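Novice: With the sequence up front, the predicted model follows.
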Amino acid sequence: MKVHYKQSMGIMMIISGIIIFGLNMYLMTISSRMPIQLFLGIFFIIIGAFYFKRPMFELRENEIVLFNAFGMVVKRYPFNSMEELIIVDNKIYIENGSSRKRVRLSSFSANKSEWDQFIALIKKRSFHSSSDLIDDVKF
């Protein structure tokens, strides 16, 4: 399961890039020098476009893989089974025996519908608290 970036983040990056690029083009006409920030505007536009296509992270059979905006793997969180994934205080952890490792994922920058599906999948497959069991009971 892939979870992509929130589209509004990509839009903001593209708009920021266009503003930076446009202002520096204007400065270039006034000073007849090419400002280095012109490339920053182009970089923001490219990154913003990548936010629309690239996944933020992917849940695989035995790992969660984090990607950067260019699509390269940043970090891997391996686990043995879905039962090791738990949610405590809206944070995701991998619990392996007595140790607990936090998975650094941000719901703020994730696509909301895909994030909700991801959380539902974790709750469906891992019953570590009585509240999880109560949520699944149908009356």
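Specialist: Happy to help now that I have it. Keep in mind it's a predicted model, so treat the numbers as computed, not measured.
Novice: Tell me what E63 is bridged to.
Specialist: The bridge-partner assignment for E63, based on DSSP bridges, gives P78.
Novice: How many residues are close by it?
Specialist: The criterion is other Cβ atoms under 10 Å. On that basis, E63 has 12 neighbouring residues. All C-beta spots, glycine's among them, are computed from the backbone N, C-alpha and C.
Novice: now do I20
Specialist: When neighbours are counted by other Cβ under 10 Å, I20 registers 20.
Novice: what does the one 3 residues further on give?
Specialist: When neighbours are defined as other Cβ under 10 Å, L23 has 14 of them.
Novice: ok, now M9?
Specialist: Neighbour count of M9, defined by other Cβ under 10 Å: 19.
Novice: Likewise for the one 4 residues further on?
Specialist: The local packing of M13 (other Cβ under 10 Å) involves 22 other residues.
Novice: again, but for I122
Specialist: Counted with other Cβ under 10 Å, the neighbours of I122 add up to 17.
Novice: quick one: it and I92 touch, right?
Specialist: Yes. Using Cβ atoms under 8 Å, I122 and I92 qualify as a contacting pair, with a distance of 6.9 Å.
Novice: Mind listing the shared neighbours of the two?
Specialist: Both I122 and I92 are contacted by 85-86, under the criterion Cβ atoms under 8 Å, 6 or more residues apart in numbering.
Novice: Shouldn't A69 be within a strand?
Specialist: No. A69: not assigned to a strand; according to DSSP: H, G, I helix; E, B strand; the rest coil it is coil.
Novice: What about it, how many residues nearby?
Specialist: When neighbours are defined as other Cβ under 10 Å, A69 has 19 of them.
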